[in-house]
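1. 3D model of this:
(chains A and B)
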Amino acid sequence: MTGRLERTVTYGILLLFAALSLTPVAGILSTAFGRQSSLDTGFSLPDGLNWANFADAWTRGHFGSYLSNSVLVAVAVVLVTSLLALPAAYAFGVMRFPGSGLLFYTFVLGLTLPQEALVVPLYFDLRYWQLTDTYWALILPQTAQSLAFGVFWMRSYFRSVPASVIEAARLDGASSWGTLWRVLVPMGRPAISTLVVIVFMWTWNEFLMALVMVSDEAHRTVSLGLAFFQGQHTSETALLAAASVLIALPVVIVYVVLQRRFIEGMLTGAVKE
Amino acid sequence: MSAVSTGDRPGTRASRRVRLPSRAAGGHSSRAPGRPRAVGYLYVLPALVLYALFLLVPLGQTAWLSLLHWDGLTAATWAGADNYTALLTDPSLRGPFLHAIVLLLFYSALPVALGLLLASALSRFRVRGAAFFRTVLFLPQVLAMVVVGVAWRSILAPDGLLNDALRAVGLDSLTRSWLGDYTWALPSVGAVGTWVETGLCVVLFLAGAQRIPRELYEAARVDGAGPLREFFAVTLPGLRAEIAVALTLTIVAGLRNFDLIYITTSGGPGNATSVPAYEVYHRAFETNEVGAAAAMGMGLTVLIFVLTVTVSRLVEGRNR
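-> This next block holds a predicted model:
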């Protein structure tokens, strides 16, 4: 039996924490829809919906082009990561070859490795290859780091597939390559969509690599754009907030729709070996 | 292909070998993954090449750079262990590590404690709208840290929401420039971390709490255990694995976090909020101390590995 008092207290605590979670988000939204002239950085209800800030962020803040850079980079990272991680994870999951354990743990290493341990030589390497200020500098290191998660995550999927499924495919005459792409990949759509949303979100939100690798405006991604915008236009809080909303919105929409995929992917990032 | 051979029907030796050990070892890594196949190398190779070029090689290079004095332009000179000794002796290099440890209280310990509190409250009876609360509490996890930083910077600003709220309830004396205050900047940045990580812990613990058998709670209640005893006797032991995962994830996130510091304080005021993740960037690309930055990066990596291994050892040790 749970008393009324306990229920009330529980709901009270929950509502308090929900409110705490939402306050910064609500603050950004209200500022984004507020008037530009208002200098108050605090929380004030806007007088109606002011879409002008978004248009301004899009054109004057160049967020239109930052968004398309981010889309391009994120799509490329997701594609390359999936194409490379799937066969590797398949081999680690269902094949046995000498050194496979060691190789697998080499990939797992990347899950806890901080970017800070890579970014310094990566900058000098990519500059030497004349790849800084290109999309490659944003795509390649990010893909390498995403592979750690991709291989780890997809291997556990391939291991969970009943051996009888693979046997059946073999009996039907499928090669191991065919088994992967025609049987296991279609079957694994839930696991793969988790991989896609997680890698997309990480790439979309990534900041340090972009900050180091890109100095020209043409290749700026959204988070980099926001940081520069904040540095240059500290007083334009409404534009800053509108830009923040533009950046966060794509991920938040996918999150609300595919919440389970996000949560399972982000919570499995912790290696339990 | 000879791999598609006859005689591999279910129930033959080959497939039994695949299944039996998996049951014995609880589906863990001892399940023999199929037959020996050298073709596996070809499947792994493309991923491995990219991974090696852009992750393993740079990691090795960082280790190498950490042994040099280099300004990024002129010829480097051998430093040996100098950069590492400096990490331990130079206060401006040691400080960031101390700040990181303090921040872990906010990024890791506090979220786990709050997560346990919320999850045990949520799991004592069927809460209406549990899905809504989960969605809302987890939301900070999917926002870009840059956006989080921008949002909190305006809340913690001198004329921001926090000070407005304090003034509204008559606590004017407590108002301050939270991010510009030598004493309060670090806890303020820490509080943002708590805000980000608490939802992750709640969601993890809620999932774990659902796996605790109801009978254990009923037995505890029959024995007359109140909410507190029930928590320590049933919920806490039942969530041990989830607590380990939560600690690992939040420790890694807390120590890796560069974005938030860069956006909110840039390590300031003075060095009050400088952390290793920020210091690596600052030294390598702003003050041209590449060797020291690399040593800092290696130190951070070692710290992360030591802490995560300790967490998993603590949990496994108790399990046995």
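
2. Stretch A:108-120 - what's its average pLDDT?
-> Averaged across stretch A:108-120, pLDDT comes to 92.

3. Do that stretch and chain B come into contact?
-> Yes - contact between stretch A:108-120 and chain B, assessed by CB under 8 Å from any CB of the partner chain, occurs at A:110, A:112-120. For every residue, glycine as well, the C-beta is placed using N, CA and C.

4. want to try TSV for those residues, with secondary structure and neighbour count as columns?
-> Converted to TSV, the residues of stretch A:108-120 next to chain B look like this (DSSP: H, G, I helix; E, B strand; the rest coil; neighbours: other CB atoms under 10 Å in any protein chain shown):
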residue	secondary structure	neighbour count
A:110	helix	21
A:112	helix	22
A:113	coil	22
A:114	coil	21
A:115	helix	23
A:116	helix	30
A:117	helix	25
A:118	coil	27
A:119	helix	25
A:120	helix	28
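
5. which residues does residue A:182 contact?
-> Applying CB atoms under 8 Å, 6 or more residues apart in numbering or on different chains, we find residue A:182 in contact with A:169, A:174.

6. returning to what we had before: taking the residues of stretch A:108-120 next to chain B, tell me the two that lie furthest apart.
-> Using CB to CB, the two most remote members of the residues of stretch A:108-120 next to chain B are A:112 and A:120, lying 18.5 Å apart.

7. chain center to the biggest helix by length in chain A: distance?
-> Taking DSSP state H as the criterion, chain A has its longest helix at helix A:63-94. Offset of helix A:63-94 from its chain centre (CA atoms, centre = their mean, to the nearest Å): 10 Å.

8. Next: stretch A:115-132.
-> Relative to the mean C-alpha coordinate of its chain, stretch A:115-132 is positioned 21 Å out (CA atoms, centre = their mean).

9. Ends of it, what's the gap?
-> 17 Å (CA to CA, to the nearest Å).

10. Quick one: low-confidence residue ranges for the stretch 51-200 of chain A.
-> Scanning the stretch 51-200 of chain A for pLDDT under 70 picks out no residues.

11. Tell me where it has helices.
-> Per DSSP state H, counting those that start in this stretch, the stretch 51-200 of chain A has helices spanning A:52-59, A:63-94, A:100-112, A:119-128, A:135-160, A:163-171, A:176-178, A:185-187, A:189-205. These are given in chain order.

12. so what does the third one touch, helix or strand wise?
-> Applying 3 or more CB pairs under 8 Å, 6 or more residues apart in numbering or on different chains; DSSP states H and E, one finds that helix A:100-112 contacts helix A:63-94, helix A:135-160, helix B:40-51, helix B:290-319.

13. sorry, back to before: is there contact, residue-wise, from the longest helix of chain A to chain B?
-> Yes - with CB under 8 Å from any CB as the criterion, chain B is reached by helix A:63-94 at A:80, A:84-85, A:87-88, A:90-94.

14. May I ask which of these has the most neighbours?
-> residue A:91 (30 neighbours; other CB atoms under 10 Å in any protein chain shown).

15. Now do the contacts for that one.
-> Contacts for residue A:91 (CB under 8 Å, 6+ apart) come out as A:97, A:100, B:39-41, B:43-44.

16. what about 10 Å?
-> A:97, A:100, A:103-104, A:151, A:155, A:158, A:176, A:180, B:33-34, B:37, B:39-45, B:47 (CB atoms under 10 Å, 6 or more residues apart in numbering or on different chains).

17. Now list the buried members of the residues you listed.
-> With neighbours counted by 16 or more other CB atoms under 10 Å in any protein chain shown, the contacts of residue A:91 contain buried members at A:97, A:100, A:103-104, A:151, A:155, A:158, A:176, A:180, B:33-34, B:37, B:40-41, B:43-44, B:47.

18. And for residue 199, the neighbour number?
-> No chain was given, so I picked chain A. 27.

19. I was after chain B.
-> Residue B:199 - counted by other CB under 10 Å - has 27 other residues nearby.

20. tell me the phi and psi of it?
-> When read as degrees, to the nearest 10, the backbone of residue B:199 gives phi -60, psi -40.

21. for the spatially closest residue to it that is not a sequence neighbour, what are its contacts?
-> Spatially, and ignoring its direct neighbours in sequence, residue B:199 is nearest to residue B:137 (3.6 Å; CB to CB, 6 or more residues apart in numbering or on different chains). Going by CB under 10 Å, 6+ apart, residue B:137 touches A:14, A:17-18, A:20-22, B:115, B:118, B:122, B:198-203, B:206.
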